[in-house]
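Student: no sequence on this one, just coordinates:
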């Protein structure tokens, strides 16, 4: 019984850390896939096939 409290506390802290990492990864995904392609003038909605070929 004495070790159950630290075990539960470790589980709760781990859950919060994983939730924070998930939230951060979603924010980074938005930054990478929305902001960075638009920076050099590439349409974020394009499929990327026209990047080296003339239109």
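Tutor: Structure's in. What do you need? All values reported here derive from a predicted model rather than from experimental measurement.
Student: how about low-confidence regions in this structure?
Tutor: The chain contains residues with pLDDT under 70 at 37-39, 41-55.
Student: quick one, helices of it?
Tutor: In chain order, the chain shows helices spanning 4-30, 36-38, with DSSP state H as the criterion.
Student: Can you add mean neighbour count and give those helices back as JSON lines?
Tutor: Bear in mind the C-beta positions are built from the backbone N, C-alpha and C, glycine included. Shown next, in JSON lines, are the helices of the chain (neighbours: other CB atoms under 10 Å):
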{"stretch": "helix 4-30", "mean neighbour count": "10"}
{"stretch": "helix 36-38", "mean neighbour count": "12"}
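Student: quick one: residue 30 and residue 18, what's the gap?
Tutor: Going from residue 30 to residue 18 by CB to CB, to the nearest Å gives 19 Å.
Student: same thing with residue 6?
Tutor: Residue 6 is 18 Å from residue 18, where distance means CB to CB.
Student: and what of residue 31?
Tutor: Computed as CB to CB, the residue 31 to residue 18 distance reads 20 Å.
Student: for residue 10, same thing?
Tutor: To residue 18, residue 10 is 12 Å away according to CB to CB.
Student: likewise residue 5?
Tutor: In this view, residue 5 and residue 18 are 21 Å apart by CB to CB.
Student: now swap in residue 1 and tell me
Tutor: Taking CB to CB as the measure, residue 1 falls 27 Å from residue 18.
Student: For residue 21, see how far away residue 28 is.
Tutor: Note on residue 28: its distance to residue 21, by CB to CB, is 10 Å.
Student: can you check residue 8 too?
Tutor: In terms of CB to CB, residue 8 sits 21 Å off from residue 21.
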